[in-house]
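[1] give me the fold of what follows.
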Amino acid sequence: MAYQRAIERRRHLTARHFYQCEHLHDNANRVVGKSTTENDYSPEAVFGRNGLEKLLEALSEEQRETLRLHFFEGYTLAEISVKLGQSLGNVRHHYYRALDRLRKQMFARKVQDS
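    Numbers count the residues shown, from 1 in each chain. Now for the predicted structure:
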């Protein structure tokens, strides 16, 4: 649900020319991919078939599973800890480390493309 709201918000702001800097728009297209139809919110459609896989390759299995359960299944971190049989601190560790790695990958691509 949060993922869909974020994508809708991004499209809303783009349609109203909130992002005026051309370099921001160009970098977003390189990282995220081309715009999709309004009804298609699947990660593959937004990131491209290979784009999402490339971003997730650097993550460990626990990190990928934590992000999948949180963003795509809608579980809270406490619910994920019960579901996976891990402590809440361990799930938080996987969650924040995964987000940090994804950010670093996205910014590394931006710097390399420039």
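
[2] the closest residue to residue 90 other than its chain neighbours: which element?
    Residue nearest to residue 90 in three dimensions, not counting chain neighbours: residue 81, with 7.3 Å by C-beta to C-beta, 6 or more residues apart in numbering. Glycine gets a C-beta too; all of them are placed from N, C-alpha and C. Assignment of secondary structure by DSSP states H and E places residue 81 within helix 77-84.

[3] which strands and helices sit next to that helix?
    For helix 77-84, the packing partners by 3 or more C-beta pairs under 8 Å, 6 or more residues apart in numbering; DSSP states H and E come out as helix 61-67, helix 88-113.

[4] output the shortest one as CSV, restricted to C-alpha atoms.
    Read it as helix 61-67. What follows is the C-alpha trace of helix 61-67 in CSV, where atoms were taken according to Å, rounded to 0.1, in the frame of the first residue of the first chain:
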residue,chain,number,x,y,z
GLU,A,61,18.4,-13.4,1.5
GLU,A,62,17.2,-12.2,4.9
GLN,A,63,17.3,-8.5,3.7
ARG,A,64,15.4,-9.3,0.5
GLU,A,65,12.8,-11.3,2.5
THR,A,66,12.4,-8.5,5.1
LEU,A,67,11.9,-5.9,2.4
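
[5] what's it packed up against?
    helix 77-84, helix 88-113.

[6] repeat that for 7 Å
    Helices and strands touching helix 61-67, by 3 or more C-beta pairs under 7 Å, 6 or more residues apart in numbering; DSSP states H and E, are helix 88-113.

[7] buried stuff in the helix it packs on?
    Applying a neighbour-count criterion of 16 or more other C-beta atoms under 10 Å, one finds 91, 92, 94, 95, 98, 101, 102, 105, 109, 110 buried in helix 88-113.

[8] from these, which is closest to residue 63?
    residue 98 (3.7 Å; C-beta to C-beta).

[9] got the contact list for the closest one?
    Residues in contact with residue 98 (C-beta atoms under 7 Å, 6 or more residues apart in numbering) are 59, 63, 66, 67.

[10] turn the helices and strands packed on helix 77-84 into TSV, columns for mean pLDDT and distance to residue 74.
    As requested, these are arranged in TSV below (pLDDT from 0 to 100; distance: least, C-beta to C-beta, whole Å):
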stretch	mean pLDDT	distance to residue 74
helix 61-67	93	12
helix 88-113	82	14
